[in-house]
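> Generate a structure from the sequence data that follows.
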Amino acid sequence: MAVFLKGDEVEVCSKEEGFLGSYFEATVISQLNNNTLYKVRYKNLVEEEDQTMPLVQIVSADEVRPLPPRIVREEANRVFSYLYALDNDGWWVGNITGKQGSKYWVYFDTSGDEIAYPVSQLRNHMEWRHGK
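Next comes the predicted model:
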């Protein structure tokens with residue numbers, strides 16, 4: 001498992017109902033419990049009580065991965081290919097169901113929604129497994 005240091009920019013995978021499988025950008029504030037936990041500050045999520053303050057949480061190491069490259073190749077955007085779409089401040093996994101003009105229709109298994117996105121809000125699907 002990878003070890004992240006204070007100041008590292010990462011993504012945190014949500015395990016909460018309604019957000020399952022989505023990733024949110026954060027910065028590592030500190031390592032805890034021999035690197036099995038991390039305290040992170042989210043880039044786009046805010047505290048419920050004070051929405052001017054970034055949300056800070058302690059998360060399990062298996063929920064943290066490095067920021068992936070933001071490369072989207074047109075050839076990867078084929079119908080039924082998996083990718084991530086940026087929506088509601090996080091990256092959500094879905095699959096392309098079609099293209100209309102410059103937008104791609106993305107279907108999300110977790111919600112049953114199908115939404116059109118410009119290529120600027122899409123990125124290739126990559127899995128972080130065993131520290132790689």
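
> what separates stretch 96-113 from the chain centre, distance-wise?
Stretch 96-113 sits 17 Å away from the centroid of its parent chain (CA atoms, centre = their mean, to the nearest Å).

> Check what contacts that stretch and list those residues.
Contacts with stretch 96-113, where a contact means CB atoms under 8 Å, 6 or more residues apart in numbering, come from 20-21, 77-81, 83, 85, 92-95, 114-119, 122. (Each C-beta comes from the backbone N, C-alpha and C, glycine too.)

> measure that stretch end to end?
12 Å (CA to CA, to the nearest Å).

> and what of stretch 102-119?
Span of stretch 102-119 from end to end, CA to CA: 7 Å.

> can you check stretch 24-39 too?
End-to-end for stretch 24-39, by CA to CA: 14 Å.

> check contacts around residue 114.
Counting by CB under 8 Å, 6+ apart, residue 114 makes contact with 97, 105, 106, 107, 108.

> ugh, typo on my part, it should be residue 57
Residues counted as contacts of residue 57 (CB under 8 Å, 6+ apart) are 12, 39, 40, 42.

> Export these as TSV, with columns for distance to residue 65.
Converted to TSV, the contacts of residue 57 look like this (distance: CB to CB, whole Å):
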residue	distance to residue 65
12	8
39	16
40	12
42	15
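
> just those now: which is nearest residue 58?
residue 39 (5.2 Å; CB to CB).

> Over to the closest one. Which of the three states is it?
What DSSP: H, G, I helix; E, B strand; the rest coil gives for residue 39 is strand.

> What distance do you get for it to residue 26?
10 Å (CB to CB, to the nearest Å).

> Comparing the two, which shows the higher neighbour count?
Taking neighbours as other CB atoms under 10 Å, residue 39 and residue 26 compare with residue 26 leading, 26 against 16.
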